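Asker: Need coordinates for the below:
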Amino acid sequence: MYGHEIEELISENKFSEAEEVDLAHLLKFKNERSLLIKIPSRICEKNPVDNFVWSKTKKNQDGTVAFRHQPRYMKIELFGTSVQSLKCTDLNDIFVHKQVFEYLDYTYSIYFTSSSGEIHICDAPIRKRLDKLEKEHIKTSILPMRSITHALKVANSSGIRVTRKQMANMARGVENVVYAKTGPRSKTSMVMVRELALAYPDTLWFQHDNNNLLTDITFVQVFEENCKIFLHSCPTQDQWNDWQIKVDSIKNGSDDFRKSEIKRILGQNPTGVIFPSRLNVDVTFNLGDVYVTAILGETKTFKTMASKKPRVLPLAYMLHATKSAHNHEKFATILKETFDKLQIPSEPRKIPCFILDGEVALENYPTILDTAAVRCDVHLLSLLRYEYAGKRAVEVAKPYLFGKMVNGKWKTGLLGVFDELTFQRRLKCFESRIDPKIVDWIEKNKAMLLESASAISKLRAGHLLQFSTNNANENFNAIIKTTVSKRFPVPELIRRLNSVFQEKHRECFLSALDGSEYVYFTLDLDGLSVDDRINAYSTAGLSSPCTLALNPPLRLAERFDLQKLYKEESHCANIQFQYELDDTYHLLDTTRNGRDKFIHVAHKNHNVECWNCGSTLPDFLCCHVIFVLCRLTQYEIDSYWSYQQQKTTRKQINAFPARSGSKISDRIGSKNSAQNHVRKIAEISSITVDTAPSPSSPTSSLRSVSPPPNGSFSASTPSAMCSTPLSSSDVSSSTSYRRKSDRSRKPIRKYTPSKRNDDSTSSGDSTVF
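Answerer: Modelled structure (predicted):
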């Protein structure tokens, strides 16, 4: 609208005054197609909120603006004064318009439409914003010399509804706001480290300065049960040697032979991984005041339920304050000692490969563990992008490094070579087409690329697919950061990491009993005997094959303390059977001396009880019970578990009766008749009993009376309460106050006359409930 038109509206008081644009105003606008409203400027924003979308900006994924919708500013003249106004158009209904301007002490809004389309009003409540007076009060009186948390409490107690985000935004313009300490609060002290050194004397190293301040710390934790499962999934040394001979024949063969042979092997292994038992290592940040390096291992015996891929188990982790190569050497040495201890003498295993990212210090792991190294191709691209050439140069060089699809056929790049001569020839072909910085980096790192990133190096490690990643580490880091949601000092970080690593192993343990929602056991053991199941679980690397072979119920297995169970089962090898007499097994424990080495285990009434260890369930089974159970028949084992399931019930807290505290009633159910009957005054005052003058008289009757008027009741006039006897119809009508029930039954009425000799009857004695 033009200035002179607006002047006429203001002069004629056409604008209705309000404190905000609410839903009633919007409905009026929808019906009348126009709205004139003014709001005091001291409590109003420049453009009053009304749930219409007057401005919006949307961006693409690359950050560029897809579209921008915003009001248009223009100046108008009102009563000789230049005023700036906003001309707005709704994003959803383009025929809905609004003109806003501020004049004198009010903000005027003019709503109108340019066509006859239907106006859509948002049903959501209009979000209440702080007015100018409230903002000024918060900035000048509440925020100064207070923290945001304290100021928020004061504002809410004063009746100002403000959010923490709004309070933080207003605090930016106030100089003397008290800010709490920010930054990481996870500080590891010398007191904490000395306590840890008592619990972990062999795997914790630390240093301090002259002021007794901690300067360095390294902690290593290895989970032998997970390492054992991983090691049993690795190929044997003979299988590894046979694969290396095959790779050499592929390398030395012709191109046609190489393609046909790789195609044949890929048909036998569709995943592109010959040995699904690879190691992964990566460093995780922002978990505390130390770095966390985790090592993961694949296992082909267990697979993830959702993806059907080999399960990745966490094998070990290291906490270290510095990223020096010495810490990684120490970690790799401890891990190698663990693998050597768990090796199978009859069938030594070989770790096929170790997947690394671009960190130089991690190169110590494949060297110490004597395995092939495979570089993550994603990290190679990231290294070139962020430290050498930049994003655009890497995008240009990527097809030359890894290959590209041409007319439906894959053309390998620089890294898809089998020898050094082909590498040099391909580099000369395209070195003029890529960034010189990338060419220099390739020349300097040629040996590393041929040993850990080329096609021949990946093929030796059991990789048929050229492109490799360490996604397993990235996914596991996300799992860790879900559990460790903030930074913690070293003792708490150790506790939480141990919980995560042990939980991953428990899932594999339960999956062997078909009791895990996330993991499943790949071996089929249906119909096998106990000894065959023990051999199968031992081949899979599980540390409790005897207990699992007994097929314990899932309800009991979920409560096992696996560490205690593994310790007990390791003692089974030291037990010898002597003889059986009168349902009692006489055993000999070679680890004990004297009379303690003679063990007696009773098998009676479906129970197996060790006289030396007593009852150990639900935590674990003692080694003597495990030894005896393995000698029983399948029926006797199942009977034992059934007996334990009945015995191991929920712990009883008290010996109260089962119905203690409950109402004793025949009305048991969920209908209204089972609820308590709430009596009303009308019921009490409308049903009374009028007794005969003599208590010995048998003629007492029910009388229906009306409540006396206020002030008309007197104890000296008892006859005022009496009326004619009730007929059968009157009695039936009075039952409308009784509880309603869907169950049809005959009501029982009992009445005992009063034993008093007087003729008076009080309301308390005569009311029937």
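Asker: Only C-alpha atoms from now on, for both contacts and neighbour counts.
Answerer: Fine.
Asker: Next secondary structure element downstream of the strand or helix carrying residue 547?
Answerer: Following DSSP states H and E, one finds residue 547 within helix 545-549. Later in the chain than helix 545-549, the nearest helix or strand by DSSP H and E is helix 554-557.
Asker: helices or strands up against the helix holding residue 547?
Answerer: Counting contacts by 3 or more Cα pairs under 8 Å, 6 or more residues apart in numbering; DSSP states H and E, helix 545-549 is packed against helix 530-539.
Asker: what sits up against the helix it packs on?
Answerer: By Cα atoms under 8 Å, 6 or more residues apart in numbering, the surrounding residues in contact with helix 530-539 are 232, 523, 525, 544, 545, 546, 548, 549, 550, 630.
Asker: Name the nearest residue to the third one, sequence neighbours excluded.
Answerer: Right, residue 525. residue 533 (6.5 Å; Cα to Cα, 6 or more residues apart in numbering).
Asker: per-residue confidence at that neighbour?
Answerer: On the pLDDT scale, residue 533 is placed at 93.
Asker: Helix, strand, or coil at residue 313?
Answerer: Assigned by DSSP: H, G, I helix; E, B strand; the rest coil, the conformation of residue 313 is strand.
Asker: Could you do the one 3 residues further on as well?
Answerer: When classified by three-state DSSP, residue 316 comes out as strand.
Asker: what does residue 573 give?
Answerer: Classified using three-state DSSP, residue 573 is helix.
Asker: count of neighbours near it?
Answerer: 11 (other Cα atoms under 10 Å).
Asker: Run through who's touching the helix holding residue 547.
Answerer: Residues contacting helix 545-549 (Cα under 8 Å, 6+ apart): 512-513, 530-531, 533-538, 569, 626, 630.
Asker: any idea which helix or strand carries residue 178?
Answerer: Applying DSSP H and E, one finds residue 178 in no helix or strand.
Asker: Apart from its chain neighbours, what residue comes closest to it?
Answerer: residue 147 (4.6 Å).
Asker: Let me know the pLDDT of residue 656.
Answerer: 77.
Asker: got the residue ranges for the strands in the stretch 351-500 of the chain?
Answerer: Along the stretch 351-500 of the chain, counting by DSSP state E, counting those that start in this stretch, strands occupy 353-356, 372-375, 403-406, 409-412.
Asker: Out of the ones you listed, which is closest to residue 84?
Answerer: strand 403-406 (58.8 Å; Cα to Cα).
Asker: Who are the packing partners of the closest one?
Answerer: The contact analysis (3+ Cα pairs under 8 Å, 6+ apart) places strand 403-406 against strand 409-412.
Asker: separation between the closest residue in space to residue 274 that isn't next to it in sequence and residue 239?
Answerer: Computed as Cα to Cα, 6+ apart, the closest residue to residue 274 that is not its neighbour in sequence is residue 462, at 4.8 Å. Here residue 462 is placed at a distance of 11 Å from residue 239 (Cα to Cα, to the nearest Å).
Asker: Give the residue from the two that has the larger number of neighbours.
Answerer: residue 462 (23 against 12).
Asker: ok, that one to residue 453 distance?
Answerer: 13 Å.
Asker: do the same with residue 411
Answerer: From residue 411 to residue 453 the distance is 17 Å (Cα to Cα).
Asker: And the two? Which one has more around it.
Answerer: Ranked by neighbour count (other Cα under 10 Å), residue 411 and residue 453 place residue 453 first, with 24 against 14.
Asker: give me the number of residues near the residue nearest to the more buried one when sequence neighbours are not counted?
Answerer: Distances taken as Cα to Cα, 6+ apart place residue 375 nearest to residue 453, at 5.4 Å, with adjacent residues excluded. When neighbours are defined as other Cα under 10 Å, residue 375 has 25 of them.
Asker: Quick check: residue 250 touching residue 263?
Answerer: No - contact criterion Cα atoms under 8 Å: residue 250 and residue 263 do not qualify, at 11.6 Å.
Asker: Compare neighbour counts for those two and give me the winner.
Answerer: Applying other Cα under 10 Å to residue 250 and residue 263 shows that residue 250 carries more neighbours, namely 20 against 13.
Asker: show me the contacts for that one.
Answerer: By Cα under 8 Å, 6+ apart, the contact set of residue 250 is 257, 258, 261.
Asker: Okay, and it sits in which element?
Answerer: Element membership of residue 250 [criterion: DSSP H and E] is helix 237-252.
Asker: Send me the following helix or strand past that helix as PDB with only the CA atoms.
Answerer: Per DSSP H and E, the first helix or strand lying C-terminal to helix 237-252 is helix 255-268. Taking Å, rounded to 0.1, in the frame of the first residue of the first chain, the C-alpha atoms of helix 255-268 are listed here in PDB:
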ATOM      1  CA  ASP A 255      48.000 -61.400 -18.800                       C
ATOM      2  CA  ASP A 256      45.400 -63.800 -20.100                       C
ATOM      3  CA  PHE A 257      46.300 -66.500 -17.500                       C
ATOM      4  CA  ARG A 258      46.400 -63.900 -14.800                       C
ATOM      5  CA  LYS A 259      42.900 -62.600 -15.600                       C
ATOM      6  CA  SER A 260      41.400 -66.100 -15.900                       C
ATOM      7  CA  GLU A 261      42.900 -67.300 -12.700                       C
ATOM      8  CA  ILE A 262      41.900 -64.300 -10.700                       C
ATOM      9  CA  LYS A 263      38.300 -64.600 -12.100                       C
ATOM     10  CA  ARG A 264      38.200 -68.200 -11.100                       C
ATOM     11  CA  ILE A 265      39.400 -67.500  -7.500                       C
ATOM     12  CA  LEU A 266      36.900 -64.600  -7.300                       C
ATOM     13  CA  GLY A 267      34.100 -67.000  -8.200                       C
ATOM     14  CA  GLN A 268      35.100 -69.200  -5.300                       C
END
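Asker: Generate a ChimeraX selection restricted to the buried entries among the contacts of residue 250.
Answerer: Here is the ChimeraX command that selects the buried residues among these (16 or more other Cα atoms under 10 Å):
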select :258,261
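Asker: possible to save the contacts of residue 250 as CSV with pLDDT and distance to residue 59?
Answerer: Below are those laid out as CSV (pLDDT from 0 to 100; distance: Cα to Cα, whole Å):
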residue, pLDDT, distance to residue 59
257, 92, 52
258, 90, 49
261, 91, 50
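Asker: Among the contacts of residue 250, which one sits closest to residue 449?
Answerer: Once Cα to Cα is applied, the member of the contacts of residue 250 that ends up nearest residue 449 is residue 258, at 21.0 Å.
Asker: Quick check: the gap between the closest residue to the closest one other than its chain neighbours and residue 265.
Answerer: Take residue 258 and drop its neighbours on the chain: the residue closest to it by Cα to Cα, 6+ apart is residue 250, 5.3 Å away. From residue 250 across to residue 265, the span is 11 Å (Cα to Cα).
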